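Asker: Generate coordinates for the sequence data below:
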Amino acid sequence: MIDSPRNRKKQPDVVRQALLDCATKLALAHGLAAVSLQAVASAAGVTKGGLFHHFPNKQALIEAVFDGMMENLDREIDEELEKDKGGHGTFTRAYVRTLFADRAQNNSPWSAQTMTVLADPYSKSLWHKWINDRLIRHAATDRGIRLEIVRLAADGAWLAHVLRPDGDPGSDDAALLQELLDITDG
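Answerer: Numbering: from 1, shown residues only. Just a heads-up that it's a prediction; the model follows:
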């Protein structure tokens with residue numbers, strides 16, 4: 001929460017980030033459908049009009065949240081790429097490790113966004129562009145059907161994790177992760 005509107009200097013970047021942070025937290029806690037403009041404005045300590053100054057509607061807010069999450073995913077994958085041994089399957093290993101690291105965090109923002117990617121045209125388009133750009137960038141190391149199968153299996157494992165009922169332990173993540181990583185070695 002930021003300071004009261006009467007007590008703070010105008011800091012549009014701070015207010016915008018507070019709105020994005022609050023929208024993300026609300027989505028994590030209650031699902032994306034439960035995120036309302038009033039709830040986000042209240043949580044951020046701004047008026048609804050203040051929210052409209054930064055985001056003209058709920059869709060624009062959701063798109064900005066998703067854009068920020070894609071930037072975070074990109075950053076996480078780049079960190080994994082730096083740790084990798086390189087060579088065949090470099091991007092795929094980084095992708096799989098990142099997805100499985102997020103699975104370990106039950107409050108991952110991706111839990112709230114997964115269904116949005118499936119249903120929302122903007123999110124779906126952004127995801128498609130992101131993965132295609134990454135695959136083009138890493139074509140020298142990550143081309144081939146076996147690596148595509150690994151990425152698709154990781155996506156499926158992620159979706160199964162998101163859809164799993166509360167309290168269900170699911171599969172052995174460590175064993176599944178290791179098996180997928182072993183396949184990337186060629």
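
Asker: Which parts of this structure are helices?
Answerer: 12-30, 37-44, 48-54, 58-83, 90-104, 109-119, 121-137, 139-142, 145-163, 173-184 (DSSP state H).

Asker: The third one packs against which elements?
Answerer: It refers to helix 48-54. Secondary-structure packing of helix 48-54 (3 or more C-beta pairs under 8 Å, 6 or more residues apart in numbering; DSSP states H and E): helix 12-30, helix 37-44. Placement of C-beta: from N, CA and C, glycine included.

Asker: Low-confidence ranges, this structure, go.
Answerer: Low-confidence segments of the chain (pLDDT under 70): 1-10, 31-32, 102-116, 186.

Asker: Now do the closest residue to Glu80 other than its chain neighbours: how many residues are near it, please.
Answerer: Closest residue to Glu80 apart from its sequence neighbours, by C-beta to C-beta, 6 or more residues apart in numbering: Ala94 at 3.6 Å. Counted with other C-beta atoms under 10 Å, the neighbours of Ala94 add up to 23.

Asker: and Ala94, what is it in contact with?
Answerer: 77-78, 80-81, 84 (C-beta atoms under 8 Å, 6 or more residues apart in numbering).

Asker: Just the closest of those residues to Leu163, please.
Answerer: Ile77 (23.3 Å; C-beta to C-beta).

Asker: Can you report how many residues lie near the closest one?
Answerer: Neighbour tally, Ile77, other C-beta under 10 Å: 18.

Asker: distance of it from Asp142?
Answerer: Ile77 is 12 Å from Asp142, where distance means C-beta to C-beta, to the nearest Å.

Asker: what touches both of those two?
Answerer: Common neighbours of Ile77 and Asp142, counting by C-beta under 8 Å, 6+ apart, are Phe91.

Asker: before we move on, could you check phi and psi at the closest residue in space to Asp185 that isn't next to it in sequence?
Answerer: Spatially, and ignoring its direct neighbours in sequence, Asp185 is nearest to Gly89 (6.7 Å; C-beta to C-beta, 6+ apart). Main-chain torsions, Gly89, degrees, to the nearest 10: phi 80, psi 10.

Asker: Wait, Gly89 touches Asp182, no?
Answerer: No: Gly89 is beyond contact range of Asp182, at 10.2 Å (criterion: C-beta atoms under 8 Å).

Asker: Looking at those two now, which is surrounded by more residues?
Answerer: Applying other C-beta under 10 Å to Gly89 and Asp182 shows that Gly89 carries more neighbours, namely 25 against 9.

Asker: quick revisit: out of the contacts of Ala94, which comes closest to Leu28?
Answerer: Among the contacts of Ala94, and counting by C-beta to C-beta, the member closest to Leu28 is Ile77, at 20.7 Å.

Asker: and the helices and strands packed on helix 48-54 as CSV, adding mean neighbour count?
Answerer: Shown next, in CSV, are the helices and strands packed on helix 48-54 (neighbours: other C-beta atoms under 10 Å):
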stretch, mean neighbour count
helix 12-30, 18
helix 37-44, 18
